[in-house]
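*Asks:* Build the 3D model from these lines:
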Amino acid sequence: MATTMHEQLTALAQNLWWSWDTEGSRLWAEVDPFRWERYGHNPKALLRDVEPTRWAELEGSPYAERVQRTYERFRAYLDAHAWCSREAPELFDGGVAYFSMEFGLHESLHLYSGGLGVLAGDHIRSASDLGVPLVGVSLLYRSGYFRQLIDDGRQIAAYPQAEWSRLPIRPCVDLTGAVLSVDVQIADRTVKASLWELDIGRCRLILLDTDVEGNTPEDRGLTAQLYGGDESTRICQEVLLGIGGVRALFALGLDISVYHLNEGHCAFVPVALIADRIANEGETLEEALASVRTRCVFTTHTPVPAGHDRFKPELVEAVLGPWCQAHGLPVADLLDLGRVEEGKADETLCMTVVALKASAASNGVSALHGQVSRVMWKDLWPELPVDEVPIHHVTNGVHPVYWMSAEARALYDRALPEWRERPWDDDVWAGVDAIPDHEWMALRQALRHRLCHEISVRTGRRFDPEALTIGFARRFAPYKRGNLLFFQQDRIRDLLQRHHVQIVFAGKAHPRDGGGKDIVADVVKRSESREFRDRVVLLPDYDMSLGRAITAGADIWLNNPRRPQEASGTSGQKVVLNGGINLSVLDGWWPEGFDGTNGWAIGSGEEWTDEAAQDAFDAEALYQVLEGHVIPAWETRKDGVPTGWVERIRRSVKTCAPKFNSHRMVHDYVLHFYRPRCA
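*Replies:* Numbers count the residues shown, from 1 in each chain. Here you go, the predicted structure:
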């Protein structure tokens, strides 16, 4: 048990629990504000580099007492019996392994690229809070996803390398203290992966790293970049995650009850389990598949056919042929496991098909996405009507504390005393009706001021903390239409000139996505022009820290994808928690959230086949709702207060906060997906 202040801070730094604890976050920032920002909010780096004289100052101040209280609260959190121990005790016999190619845990850990990883991070945080015995599995990327630079108006990708000694990860060791590693056969060679672990509250994340001595340079690079390289690199990374991840759990002595595959990237997990039963239990493929299927659940996040990983048969045979032979699993059978039409030699292996066939339960991530997925994969169940295809939905949510500003937490702590314990309870959030108008306005004012300060620090531009602020921050994929607002440039220019409105953009395009990079360049060009530079800005190098600032500071959250290509989206759910309002196409989660009183919809959910016509229609609908509804609601005031606007804030929080948080999401997974696998 830690006794000194420095020992207590060291223990806190080794567990990411501090990142969603208000006081825990404040403690680090106060040690050395300059280094805190300089080091990307990395507490372990602070502990290494801050001078002894500063620690001596803090040791003899009230700060040490605050550290003591925070540390005691942390220990009490770890030791407490939480929701899952009461509602699903059967999970504790083996626990849940949650596989994901990426985890968005904190800006100081570059293990994520975007929404999929951020969702995985929220899942494991909520699993910790609810006491779910869950272990995450992923890869340890030395360079992570790229850092975004804007040079001469264009996006440039940079890949700085992480220094593990300055991060809160540690090697996995056995009872003798020896560092654990696993061997994974890839093609004709054996690749060694060392095992690392990271604590996230009551849960932990296991990470595989191939940058170890003895591997070829090519294999050492398998865990260099997230989503880097070509198709050969991609399949090797997915083999490492799935087959290597299962071997890692075996090496750690974990007898897992439920394997949760977060997207098709993880589909080699059941393949590894099937091969193990064939090789070690003497089962046939059919027997092994039936056994493994009872222990696997699968979440798909991709609503368009082209977005699913597919590998050509010759690549699968080259990469997995020797491994399949060693485990008694014919490559032809593996290929058929990933085909809609078994035996069709020219059909690729689709990772989503593998996961669907090898899982007892599968789901999309919103009600609409569930419908889209049932239509997309109906040929796997030709005997069933589309509405009976066994792909359900669990709508995504966001961690109710992590994405909430300190000011919003304080407001809800005063007004809704049970919101932390039961964030999924409608009755708890009904209390927002009693929060006075002036408190909502004070919250929004404080968060908007902070965002404007962030803009000034990052760009040198001075934005108005009193102006209606529209936020748009997400991956700049073409279907998300990051520049739709400029479809009629004269119209948006006139709107900005007539009204007190400003727009904040942020987001990255994948380095190989030329169309997405063109949209980034277009937004940058417009934001730097004389007619827009005082009202429009794109903040570079979008990460989780910037995401928190924009989702908290924006009054309006703009979301305008081409329907129905947004599986769920969660950024607008974060805005809700901070008193912001959504303005969105009826795609992803918004059809479940929008009720006509708690935000605004763009269009009415039309289905299109002509993208150009869809863009023109949606742009016109966007301008009309801005001009006819959003801006009048902001500008219509009584005694300086936009009472109609504030009422819409109340409705947004009251109706959306209990439905779209990750505690509710994990609650649903436990009761409907995990617990039935343990019966």
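
*Asks:* going forward, measure contacts between C-alpha atoms and count neighbours the same way
*Replies:* OK.

*Asks:* And the pLDDT at residue 156?
*Replies:* On the pLDDT scale, residue 156 is placed at 77.

*Asks:* Please name the residues that touch it.
*Replies:* Contact partners of residue 156, counting by CA atoms under 8 Å, 6 or more residues apart in numbering, are 148, 149, 150, 511.

*Asks:* Residue 436 too?
*Replies:* Per CA under 8 Å, 6+ apart, neighbours of residue 436: none.

*Asks:* I'd like to know how far it sits from residue 112.
*Replies:* Per CA to CA, to the nearest Å, residue 436 is found 39 Å from residue 112.

*Asks:* For residue 565, which non-adjacent residue is closest in space?
*Replies:* residue 303 (5.6 Å; CA to CA, 6 or more residues apart in numbering).

*Asks:* quick one: contacts for that neighbour?
*Replies:* If you count contacts by CA under 8 Å, 6+ apart, then residue 303 has 369, 372, 373, 564, 565, 566, 567 around it.

*Asks:* Dump the residues you listed into a markdown table; add neighbour count, secondary structure and distance to residue 266 as well.
*Replies:* Shown next, in a markdown table, are the contacts of residue 303 (neighbours: other CA atoms under 10 Å; DSSP: H, G, I helix; E, B strand; the rest coil; distance: CA to CA, whole Å):
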| residue | neighbour count | secondary structure | distance to residue 266 |
| --- | --- | --- | --- |
| 369 | 29 | helix | 20 |
| 372 | 19 | helix | 21 |
| 373 | 27 | helix | 18 |
| 564 | 21 | coil | 24 |
| 565 | 17 | coil | 22 |
| 566 | 25 | coil | 21 |
| 567 | 26 | coil | 18 |
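
*Asks:* Tabulate those in TSV, adding columns for pLDDT and distance to residue 313.
*Replies:* Putting the contacts of residue 303 into TSV (pLDDT from 0 to 100; distance: CA to CA, whole Å) gives the following:
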residue	pLDDT	distance to residue 313
369	97	29
372	96	27
373	97	24
564	94	31
565	93	28
566	95	30
567	94	28
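
*Asks:* Sketch out the low-pLDDT regions of this protein for me.
*Replies:* 146 (pLDDT under 70).

*Asks:* Downstream of the biggest strand by length in it, the next helix or strand is which one?
*Replies:* For the chain, the longest strand by residue count, based on DSSP state E, is strand 189-200. The helix or strand immediately downstream of strand 189-200 is strand 203-209, counting by DSSP states H and E.

*Asks:* In the helix or strand that that next one is followed by, which residues are buried?
*Replies:* Under the assignment DSSP H and E, the closest C-terminal helix or strand after strand 203-209 is helix 217-220. Across helix 217-220, burial judged by 16 or more other CA atoms under 10 Å covers 219, 220.

*Asks:* how far is helix 217-220 from where the chain is centred?
*Replies:* 28 Å (CA atoms, centre = their mean, to the nearest Å).

*Asks:* Now do whichever helix or strand comes after it: which elements does it pack against?
*Replies:* Using DSSP H and E, the helix or strand that follows helix 217-220 in sequence is helix 231-239. Judged by 3 or more CA pairs under 8 Å, 6 or more residues apart in numbering; DSSP states H and E, the packing partners of helix 231-239 are helix 313-326.

*Asks:* ok now the helix it packs on, how far from the chain's centre?
*Replies:* 32 Å.

*Asks:* How much space separates residue 664 from residue 671?
*Replies:* Distance from residue 664 to residue 671, by CA to CA: 11 Å.

*Asks:* Pick out whichever of those two has more residues nearby.
*Replies:* The neighbour count for residue 664 versus residue 671, taken as other CA atoms under 10 Å, is higher for residue 664 (25 against 13).

*Asks:* contacting residues around that one?
*Replies:* Going by CA under 8 Å, 6+ apart, residue 664 touches 397, 423, 424, 658.

*Asks:* and the gap between the closest residue in space to the last one that isn't next to it in sequence and residue 418?
*Replies:* Right, the one you point to is residue 658. Sequence neighbours aside, residue 424 is the residue nearest to residue 658 in space, at 4.2 Å (criterion: CA to CA, 6+ apart). Using CA to CA, residue 424 is found at 11 Å from residue 418.

*Asks:* still on that earlier bit, quick check: the residue nearest to residue 658 touching residue 656?
*Replies:* No. Between residue 424 and residue 656 there is no contact under CA atoms under 8 Å: 9.8 Å.

*Asks:* in stretch 599-611, what counts as buried?
*Replies:* 599, 600, 601, 602, 603.

*Asks:* looking at this, residue 557 is in a helix?
*Replies:* No. Read with DSSP: H, G, I helix; E, B strand; the rest coil, residue 557 is strand and lies in no helix.

*Asks:* So what sits opposite it in the bridge?
*Replies:* residue 471, residue 582 (DSSP bridges).

*Asks:* returning to what we had before: can you count the residues close to the residue nearest to residue 658?
*Replies:* Using other CA under 10 Å as the criterion, residue 424 is surrounded by 22 other residues.

*Asks:* you'd agree it is in a strand?
*Replies:* No. Counting by three-state DSSP, residue 424 falls outside a strand, being coil.

*Asks:* ok, it - contacts?
*Replies:* 657, 658, 659, 661, 663, 664.

*Asks:* ok, and the most crowded of the residues you listed?
*Replies:* residue 663 leads those on contacts (other CA under 10 Å) with 29 neighbours.

*Asks:* Many thanks, I have nothing further to ask.
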